[in-house]
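In: Have a look at this prediction, sequence included:
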Amino acid sequence: MGECAVGGGFSKDAGRFTIIGESMDALTVAAVTAVVAVVVGFFLGRMTGRSAGGAIGGAPARSSASGEATNADAAFRLALSRIGAYLRENVDGPLAAAFQDRSLSLRRAAEEAVAAINDLHFFLEDPAGEVREDDLTRIVKDAIRAYESEWDISVLFSSKGPVPVRLNPDALLDALYLILHNAAVFADGKGLVSMVSSDGEWGRVLIQDEGPGFSAEALSRAYDPFYTTSEEGLGLGLSHARRAVELQGGAIHLGNRPEGGAEVEISVPLA
């Protein structure tokens, strides 16, 4: 959990795109290309709007001084670099391998490529949603169950019972999964522990690992979009998790354990 990334294999449902028919190589590639164009075009359009000083989400952007414009340009270039690396690893790579080795399934490669594009599209979606009363313990258990089934890694879980909270369960589930995914990438799934508790005002989730922990730079830049030390990662996981939690009136805190390893604590309002 030492940095922040979402690399290949994030998708919780790699089978959500199905291509019908046995002899559809051209159609397969065309479909993947179309999805890539739409998603990346929309994403870059949003980035261009920011760098050009346009309004984002209905809020007018500030006029930029030369220094701010330079920073915006650097952020835009970083975004292009991260997206390009992600597409090469998760879209171009699988398809190229399938074309070069006909024993590999092109259909399977296309499904994996489109799943990766769907993951990219996930970060474009607003993580806000309907807030309702639910059990924090149940939500954390569901996130751990999904994580363990995909990564084949066990998480030591503890809770003293139900913790009624007011939030959007799906948004929190995504945030928890992203944090666990981060631990799997950077801590090799070592010593993962998740604890649920409450203190009279907040329901809390503490996730700890026995990896290298957060570097000083990571602690200061962890929520910066596209910040990551992973070659294949996008660096959007923790920034998205933070937004999802804060939109529900909660907070997220990153730190290092005294005995070593990273920890992430999420706090959400009690019901």
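Out: Structure received.
In: wait, what's in contact with residue 143?
Out: Under the criterion of Cβ atoms under 8 Å, 6 or more residues apart in numbering, the contact list for residue 143 reads 173, 176-177, 180. Where you see a C-beta, it was placed from the backbone N, CA and C, and this is true even at glycine.
In: Closest one to residue 187 out of those, please.
Out: The shortest distance between residue 187 and any of the contacts of residue 143, using Cβ to Cβ, involves residue 180 and amounts to 10.2 Å.
In: Tell me which residues touch that closest one, please.
Out: For residue 180, the contacting residues are 143-144, 147, 155, 192, 194, 207, taking Cβ under 8 Å, 6+ apart as the criterion.
In: taking those residues as a set, which two sit the farthest apart in space?
Out: Pairwise distances across the contacts of residue 180 peak at 11.9 Å for 143 and 192 (criterion: Cβ to Cβ).
In: Okay, strands next: where are they in this structure?
Out: Counting by DSSP state E, the chain has strands at residues 132-135, 156-159, 164-167, 193-198, 202-208, 251-256, 262-269.
In: May I see the ones you listed organised as a markdown table, with mean pLDDT added?
Out: As requested, those are exported to a markdown table (pLDDT from 0 to 100):
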| stretch | mean pLDDT |
| --- | --- |
| strand 132-135 | 95 |
| strand 156-159 | 94 |
| strand 164-167 | 94 |
| strand 193-198 | 94 |
| strand 202-208 | 95 |
| strand 251-256 | 94 |
| strand 262-269 | 95 |
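In: Which of those sits closest to residue 220?
Out: Each of the strands of the chain was scored for nearness to residue 220 using Cβ to Cβ, and the closest is strand 251-256 (10.0 Å).
In: Residue 164 - how many residues pack around it?
Out: Burial of residue 164, expressed as a neighbour count using other Cβ atoms under 10 Å, amounts to 13.
In: Just give the nearest non-adjacent residue to residue 162, would you?
Out: Counting by Cβ to Cβ, 6 or more residues apart in numbering, residue 162 lies nearest to residue 135, which is 4.7 Å off, once chain neighbours are set aside.
In: Outline the domain layout of this structure.
Out: Described in terms of automatic domain parsing, the domain architecture of the chain consists of the residue ranges 25-122, 132-269.
In: For those, which has the smallest mean pLDDT value?
Out: Of all the domains of the chain, the minimum mean pLDDT falls on domain 25-122 (a mean of 61).
In: Right, I'll call it a day here.
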